[in-house]
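Enquirer: sequence and predicted model, in that order:
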Amino acid sequence: MSRIDAHHHVWRPASAPGPAPGPGPRRRVHTWLDAPGMAPLRRDFTMADLAPSALAAGIDRTVLVQVLPDLDETAEFLSLAAADYLVAGVVGWADLTSDGFADTLDALRAAPGGDHLVGLRHLVQSEPDPGWLNRPDVRRGLRTVAQANLAYDLLVLPHQLPAAISTVRELPELTFVLDHLAKPPIATGALQPWASLIRELSAQPQVFCKLSGMVTEADRNDRSLAALRPYADVVLDAFGPQRVMFGSDWPVCLPAASYAEVVGAAEALTAGLTPAERSQVFSTTAERAYGLGESDQQGRSADDGPVGVVR
C-alpha cells in the first residue's frame, strides 16, 4: 500500500556557502536558520536529498509544505511538484488578508503544477497576537480558502489553541490540519493545558492532526518513545486514526533524529493500532484531508479536494 509523508520541506538558503548548485529555485533569506542549534540546517535541502531516505522507509508520496511567507516560493514548489513523482501535493502560502486573495489563488492554480495545490498555511506561531486567527480579515481569507476547496494547515503553539478552537467552530465548511500537535511541551513532560485544548479542538469534525514535529520538541537528552508516547496517545485518542496523519517534518527533524528514526518512531507509537488504522495514519487520512486521490502517478483529478466535514 502507498505510504504518505504528509509534511516536509525543501529550501535553498541565501546563507548557504558557494554558488547555487545547478538549476532550481533561487536562494532566499531564511533568517530563522540563524537561531541557535540551526547550523546543521544552513544548507540546501532538495527532493534529491529526501528521495533515498523516503523510499527506503517505504514512503512513495509526500506533501511539500511552505517554509517562508513568500508567494514565489509557493509557485516554485508547485512547479517542483509537477516535475517530481514523489510530491503529491503542496501546502503553499498566500496572504490571507489581501483584498486580492481570491485572484492570487486563481493565479497559483493556473501556474505550472497548480493542480498540486492542496492547501495553504501561515506561520501563525510567529504572530505576536495570540488571537491572530480571530481577526476579521483572516476569517474572510479562510472563508475564501474553503470556497476554493483547499485545506488550511494550522501552525500554532499551545497558547494559540483557544483562537484556533474558536476559528474552526466558526468555519465548519473548511478542512483544517493541525501541524505538529500544536508543539506541546514534550521536553518538560507537561500535558496540561495542552491535552484539554487538543480534545476541545478535536471535537470539531473537520479538523485533522499531523503526527509530526515531536522529536524537535523533546528534550535533546531524552528522545525516547516513552517521552513521546503520552502526546501521541492524546491525539490518537482525541482525533482517532481516521483524522491523524504521519509527517516527518524533514529536514527540520534532522538535528534531533534521522528520517528513518522519525518514521520508526511513528511506527512504534502506532503499533497498538489495527492494520486498517495504521493504514489511515500512513496513507488514507492524508488522502482524504488533502484530496490526494489514490495514485501518485495519476495526479489529482479535477474534482478532487479536501473532504471537509468528517462524520
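Expert: Done, it's in.

Enquirer: where does pLDDT dip in the stretch 151-300 of the chain?
Expert: 294-300 (pLDDT under 70).

Enquirer: one more time with 80, if that's ok
Expert: 221-223, 293-300 (pLDDT under 80).

Enquirer: mind listing residues that contact whatever helix or strand Glu277 lives in?
Expert: Using DSSP states H and E, Glu277 sits within helix 275-279. In this structure, residues lying in contact with helix 275-279 by Cβ atoms under 8 Å, 6 or more residues apart in numbering are 1, 241-242, 267, 270. For every residue, glycine as well, the C-beta is placed using N, CA and C.

Enquirer: change it to 10 Å
Expert: Helix 275-279 has contacts (Cβ atoms under 10 Å, 6 or more residues apart in numbering) with 1-3, 236, 240-242, 244, 246, 266-267, 270-273, 284-285.

Enquirer: helices or strands up against the next helix or strand after it?
Expert: Going down the chain from helix 275-279, the next helix or strand is helix 285-290, by DSSP H and E. On a contact count with 3 or more Cβ pairs under 10 Å, 6 or more residues apart in numbering; DSSP states H and E, helix 285-290 meets strand 4-8, strand 61-65, strand 87-92, strand 117-122, strand 151-154, strand 176-178, strand 207-211, strand 244-246.

Enquirer: how far does the longest helix along the chain sit from its chain's centre?
Expert: Secondary structure assigned by DSSP state H gives helix 225-239 as the longest helix of the chain. Mean C-alpha position of helix 225-239 versus that of the full chain (Cα atoms, centre = their mean, to the nearest Å) differs by 18 Å.

Enquirer: also stretch 174-183?
Expert: Between the centre of stretch 174-183 and the centre of its chain there are 8 Å (Cα atoms, centre = their mean).

Enquirer: before we move on, back to that, and the longest helix of the chain with strand 207-211, angle?
Expert: 170 degrees (axes from the mean of the first three to the mean of the last three Cα atoms, to 10 degrees).
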